[in-house]
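J.: got a predicted structure plus its sequence, pasted below:
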Amino acid sequence: MATSDFLPFAAGGSANVLSQSAYAALAAVTNGYQAGLANSAQMNKTFRQSSIMAAVLAQFIADQTGANSVDDGTTATLLANLKKATSGRLLNAQTFSASGTYTPTAGTNSVLVWVQGAGGGGGGCQGPSGAANSVISLSQGGGAGSFGMGRFTSGFSGVAVTVGQGGVGGSAGGGNGGSGGTSSFGALLSAPGGSAGLGATALSVPPAVTGGGNLSSTPSGANILSVQGPSAGPAFAFNGVTGSTAFGGKSFLGFGGATAFGTVANPGVLGGGGSGVGAPNSFSSGLAGGAGGNGLVIVYEFS
């Protein structure tokens, strides 16, 4: 077991020290001792106050590092071992909402990285323009981007950070949405984006149902947590004038676009998928799908 040379002064049960209440009321606590006859009880209390904390800190260093805390009159080794003893504390967090280069904060020895892939765009739909209660148009929502979490102790300085862009919403003529972009922390951790929602032509009812997008691909390098991006919700209708459209897939960090029947689509947020859209039979023109939410990369830095 590592030892410490730093010992508490006047720590015995019968030590000649001033009581805590008397010491707290002493003017010297604020202004220091002035010229005159020294009072041993006062001096011993002052020495004990400082020496006890020095002894505790030195023993903490020894216990945490396994190295002796030696009183050799220098500070370099003690300071270096103190830094080792307090390793692992959170220094800073850097958030990337756009691609860039990661530069560690001074003193960073390990990083905990969260990587959120971008959401897929929802599909667009055609305008049915059909007879009442006979046709409707419902598109798929976009799937959410995947999420990965990993801790790394080397190879992270200066890595390229890529923040995936959300997939575009499908065109109003029934176009498919775009897939979400992959977010990554160099080659260490990568989170694929969400799946694209399919566009829709007019469907006969009742009922008309279109499924949500597929699960995203699996993250790579996620040595703590790996989450595939969920698919979008389903869409359904029981006649040509009412229905419920597909909401976008919900990501680990954000939300999918809310349902949008007969109105403009809703985008995803922080890796969530864009909503699908629905057009009742009275619509002669279609609706564009919702855009997927962009990804995000967060780097927590530890000493």
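T.: Yep, it's here.
J.: chain center to stretch 238-254, what's the gap?
T.: Taking CA atoms, centre = their mean, to the nearest Å, the mean C-alpha location of stretch 238-254 is offset from the chain mean by 26 Å.
J.: ignore what I typed, I meant stretch 54-68.
T.: Offset of stretch 54-68 from its chain centre (CA atoms, centre = their mean): 34 Å.
J.: same check on stretch 279-290?
T.: Counting by CA atoms, centre = their mean, stretch 279-290 is centred 37 Å from the centre of its parent chain.
J.: that one: end-to-end distance?
T.: Distance across stretch 279-290, first residue to last, is 14 Å (CA to CA, to the nearest Å).
J.: check which residues of that stretch are buried.
T.: For stretch 279-290, the neighbour count (16 or more other CB atoms under 10 Å) marks Ala279, Pro280, Asn281, Phe283, Gly286, Leu287, Ala288, Gly289, Gly290 as buried. Where C-beta positions appear, they are placed from N, C-alpha and C, glycine not excepted.
J.: hmm, the second one is touching Gly240, no?
T.: To tie it back to what came earlier, the one meant is Pro280. Yes. Here Pro280 lies in contact with Gly240, judged by CB atoms under 8 Å, at a distance of 6.1 Å.
J.: intersection of neighbour lists for those two?
T.: Pro128, Ile136 (CB atoms under 8 Å, 6 or more residues apart in numbering).
J.: circling back: which of the buried residues of stretch 279-290 sits closest to Gly271?
T.: Nearest to Gly271 among these, counting by CB to CB, is Gly290 at 13.6 Å.
J.: phi, psi of the closest one?
T.: phi -80, psi 150 (degrees, to the nearest 10).
J.: and the closest residue in space to it that isn't next to it in sequence, which of the three is it?
T.: Nearest non-adjacent residue to Gly290, counting by CB to CB, 6 or more residues apart in numbering: Gly274, 3.0 Å away. Assigned with DSSP: H, G, I helix; E, B strand; the rest coil, Gly274 falls in the coil class.
J.: could you count how many residues lie near Gly274?
T.: Per other CB atoms under 10 Å, the neighbour tally for Gly274 reads 43.
J.: just the pLDDT at it, thanks.
T.: Looking at Gly274, its pLDDT is 97.
J.: list the contacts of the closest residue to Leu138 other than its chain neighbours.
T.: Computed as CB to CB, 6+ apart, the closest residue to Leu138 that is not its neighbour in sequence is Ala235, at 4.1 Å. Contact analysis of Ala235 by CB under 8 Å, 6+ apart lists Leu138, Ser139, Gln140, Gly141, Val209, Thr210, Gly243, Ser244, Thr245, Ala246, Gly276, Gly278.
J.: most neighbours among these, please name it.
T.: Greatest neighbour count in the contacts of Ala235, by other CB under 10 Å, goes to Gly141: 47 neighbours.
J.: surely that residue touches Gly292?
T.: No. Counting by CB under 8 Å, Gly141 does not reach Gly292; the two are 9.5 Å apart.
J.: what count of nearby residues applies to Ser204?
T.: 12.
J.: gap between it and Ala62?
T.: 79 Å (CB to CB, to the nearest Å).
J.: wait, the residue nearest to Gly290 sits on Gly167?
T.: Yes. Applying CB under 8 Å as the test, Gly274 and Gly167 come out as touching, 7.0 Å apart.
J.: which residues are in contact with both of the two?
T.: Residues touching both Gly274 and Gly167 (CB under 8 Å, 6+ apart) are Gly119, Gly120, Gly121, Gly142, Gly177, Ala291, Gly292.
J.: of these, closest to Asn223?
T.: Gly119 (24.1 Å).
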